[in-house]
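Visitor: What would the 3D arrangement of this be:
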Amino acid sequence: MSGDQEMAVFGEAAPYLRKSEKERIEAQNRPFDAKNSVFVVEPKESFVKGTIQSREPGKVTVMTEGGATLTVKEDQIYPMNPPKYDKIEDMAMMTHLHEPAVLYNLKERYAAWMIYTYSGLFCVTVNPYKWLPVYNPEVVAAYRGKKRQEAPPHIFSISDNAYQFMLRENQSILITGESGAGKTVNTKRVIQYFATIAVTGEKKKEEPGKMQGTLEDQIISANPLLEAFGNAKTVRNDNSSRFGKFIRIHFGTTGKLASADIETYLLEKSRVTFQLKAERSYHIFYQITSNKKPELIEMLLITTNPYDYPFVSQGEISVASIDDQEELMATDSAIDILGFTNDEKVSIYKLTGGVMHYGNLKFKQKQREEQAEPDGTEVADKAAYLQGLNSADLLKALCYPRVKVGNEYVTKGQTVEQVYNAVGALAKAVYEKMFLWMVTRINQQLDTKQPRQYFIGVLDIAGFEIFDFNSLEQLCINFTNEKLQQFFNHHMFVLEQEEYKKEGIEWTFIDFGMDLAACIELIEKPMGIFSILEEECMFPKATDTSFKNKLYEQHLGKSANFQKPKVVKGKAEAHFSLIHYAGTVDYNITGWLDKNKDPLNETVVGLYQKSSLKTLAFLFSGAQTAEAEASGGGSAKKGGKKKGSSFQTVSALFREEQSNTNLSKFRKLQHELEEAEERADIAESQVNKLRVKSREVHTKIISEE
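Guide: I've put the predicted structure just below:
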């Protein structure tokens, strides 16, 4: 282990990465009673440190550090590791390996702001929720070319190892964890590392009149742009990714940066029109209204008060940890660096402003009729102007859409509720298509056509979510995480053991009890939750109640992972509970049928296709075809567009992983798990999350033996 002198190369980051020599010497010389020093189960704190006072048959009396006396069963005490193992960098090296040892090691390292810790093959990071100097340029340089054991645990070490192995075969880095764990931040650090080390000494010169940013600049700039339009404040995370992404960074034969591309999954488009009280919509709305660029306020015909726009002000409008004015400048700069034309840039802002105005459209019921009619035209004039439409045509299409009946088109009247639903669906569709188009444009810019030999893939999906109110979006996100965890478990605990046998190692197969198939099949199999949802969407008279009844009839009492939720006073209503790998989640099914169908007013879509705003016309130029593809190429009658997208997320994710990495050589795959522990006081809920970690460490030790 390197001493203080060797650690000087890390600069001010050194004390955040490794214990000082003084601390290590003190730990080695500290008195320690190996026989009686233990962790003991304690109801409030899960585990506490203590000393055995006496033993009786089947019982042990322990004095805790806090002075309490506990009498517990033999299996409720765990031997403590000697002090020299305090804040150990790789928990697989512990003499006594068990849950409390893992928990306390993470807790004590976190208390010293050492946020990265190895757990055998993996790197666990605890979100510090503050800036630390561990990503400075000197830290990047210090990890360059180092073997893992030659430097402290860090995401840069993981990245550099992946880079070295990449010269032999393609690599993937999986970054997972709960919402708020810090996945997006660490994804950015991985990209920062590759963009730095792979171009060292070969900074490209800009050609006059060509794109503003170098390739490495553009790869890094993709983040602020995607975050502005794809990230939002949630209950637990001020900058939560509301979409998943798989970023491939391509390298040439010598390991130099060649190009990159981004694949995105499952943008949470419902957030465009609805937010919970403690949440925000996407950052871009509040960046624009921050008035950092007054010309945007004038161009979009909006005010600087988000509360004037219902679609984006149902929750909070500001976040203490985010400077919307500063972020707007970063977003605006990123658009330029990524090579968007000025017309495209204006279109992005106009379409965003148009979505805001859609939330102010007002309709009323005609006298003695159920038919809706406009309640004023001022807002429609603004929205139509921004979208390159005629406002009268827009309002007519909303209130009297033309629908196909047989071989003819007829005008169909709409109720006020139907019109509002149509407006919301259109706003979400415009935003989603714009987001996906921006990703496509970014990929076009990052595709340099340079020769490329290898790639490193970085997977960052929306983290597992357990909120007070969990809807269809949470089910899709949690299902994706469940599939990813199953993928991980299978390769870590099953294929790894099969590899031992292939290599002639005497081995008795161990079942770690980590097969998640039951929960996955409950969601995705025929007559599973998605299947029943899709089926209900085919029936015009289906309701939330009929959907719930079918779920109960098919699964309650038959599937162990499907349960009736407990009624808790003051907690949001729930209709069913699922036992996931990360915990039990209560789901509320209100509105799932509408979310799953989310039909578009085809008459308005027709107007979009003829819009004078070229970008909007392009977005909807193949609307019907795109929708068919989004649902897996099936007929529109089959519905399930939402269900299809959730499946596409997972299938694409695993298709990429399987086709781009050599799974038969899984030990070479840099497969890093960044888990979510959000507080230093790790309590009972965190114990369950870390149980997986403990088993992973056990498996690694077994494999090394």
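Visitor: Which strand or helix spans the nearest residue to S391 once chain neighbours are set aside?
Guide: Sequence neighbours aside, A384 is the residue nearest to S391 in space, at 3.7 Å (criterion: C-beta to C-beta, 6 or more residues apart in numbering). Any C-beta I mention is one placed from the backbone N, CA and C, and that applies to glycine too. Element membership for A384 (DSSP states H and E) is helix 378-387.
Visitor: Mind giving me the packing neighbours of the next helix or strand after that helix?
Guide: Beyond helix 378-387 on the C-terminal side, the first helix or strand identified by DSSP H and E is helix 391-399. Packing partners of helix 391-399 (3 or more C-beta pairs under 8 Å, 6 or more residues apart in numbering; DSSP states H and E): strand 372-374, helix 378-387, helix 416-446, helix 602-609.
Visitor: hmm, back to that, can you give me the neighbour number for the residue nearest to S391?
Guide: 21 (other C-beta atoms under 10 Å).
Visitor: so what's it up against?
Guide: Residues in contact with A384 (C-beta atoms under 8 Å, 6 or more residues apart in numbering) are N390, S391, D393, L394.
Visitor: Can you give me the distance of the spatially closest residue to the first one that is not a sequence neighbour to L394?
Guide: With sequence-adjacent residues excluded and distances taken as C-beta to C-beta, 6+ apart, N390 is closest to A384, at 6.2 Å. Computed as C-beta to C-beta, to the nearest Å, the A384 to L394 distance reads 5 Å.
Visitor: and what of C519?
Guide: 45 Å.
Visitor: now the helices for the stretch 51-200 of the chain?
Guide: Along the stretch 51-200 of the chain, counting by DSSP state H, counting those that start in this stretch, helices occupy 99-111, 137-143, 155-166, 183-197.
Visitor: and those helices as JSON lines, adding mean neighbour count?
Guide: JSON lines is the format used below for the helices of the stretch 51-200 of the chain (neighbours: other C-beta atoms under 10 Å):
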{"stretch": "helix 99-111", "mean neighbour count": "21"}
{"stretch": "helix 137-143", "mean neighbour count": "18"}
{"stretch": "helix 155-166", "mean neighbour count": "23"}
{"stretch": "helix 183-197", "mean neighbour count": "22"}
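Visitor: can I get those helices in TSV with mean pLDDT and distance to F464?
Guide: Shown next, in TSV, are the helices of the stretch 51-200 of the chain (pLDDT from 0 to 100; distance: least, C-beta to C-beta, whole Å):
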stretch	mean pLDDT	distance to F464
helix 99-111	94	18
helix 137-143	96	29
helix 155-166	93	20
helix 183-197	92	10
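Visitor: need these in TSV with distance to T214, can you?
Guide: Shown next, in TSV, are those (distance: least, C-beta to C-beta, whole Å):
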stretch	distance to T214
helix 99-111	37
helix 137-143	17
helix 155-166	19
helix 183-197	9
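Visitor: for these, which one sits closest to E216?
Guide: Taking C-beta to C-beta as the criterion, helix 183-197 is the member of the helices of the stretch 51-200 of the chain that comes nearest to E216, at 4.1 Å.
Visitor: Dump the helix or strand following the closest one to PDB, keeping only the CA atoms.
Guide: Next along the chain after helix 183-197, taking DSSP H and E as the criterion, comes helix 215-230. Taking Å, rounded to 0.1, in the frame of the first residue of the first chain, the C-alpha atoms of helix 215-230 are listed here in PDB:
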ATOM      1  CA  LEU A 215     -15.000  15.300 -30.500                       C
ATOM      2  CA  GLU A 216     -14.000  15.100 -26.800                       C
ATOM      3  CA  ASP A 217     -15.800  18.500 -26.200                       C
ATOM      4  CA  GLN A 218     -18.900  17.200 -27.900                       C
ATOM      5  CA  ILE A 219     -19.000  13.900 -26.000                       C
ATOM      6  CA  ILE A 220     -18.800  15.800 -22.800                       C
ATOM      7  CA  SER A 221     -21.300  18.400 -24.000                       C
ATOM      8  CA  ALA A 222     -24.000  15.800 -24.700                       C
ATOM      9  CA  ASN A 223     -24.500  15.500 -21.000                       C
ATOM     10  CA  PRO A 224     -25.700  19.000 -20.100                       C
ATOM     11  CA  LEU A 225     -28.100  19.000 -23.100                       C
ATOM     12  CA  LEU A 226     -29.600  15.600 -22.400                       C
ATOM     13  CA  GLU A 227     -29.800  16.500 -18.700                       C
ATOM     14  CA  ALA A 228     -31.700  19.700 -19.400                       C
ATOM     15  CA  PHE A 229     -34.300  17.900 -21.400                       C
ATOM     16  CA  GLY A 230     -34.200  14.500 -19.700                       C
END
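Visitor: can you pick the most crowded of the contacts of A384?
Guide: Neighbour max across these (other C-beta under 10 Å) = L394, 23 neighbours.
Visitor: how close does that residue sit to L361?
Guide: For L394, the distance to L361 - C-beta to C-beta - is 9 Å.
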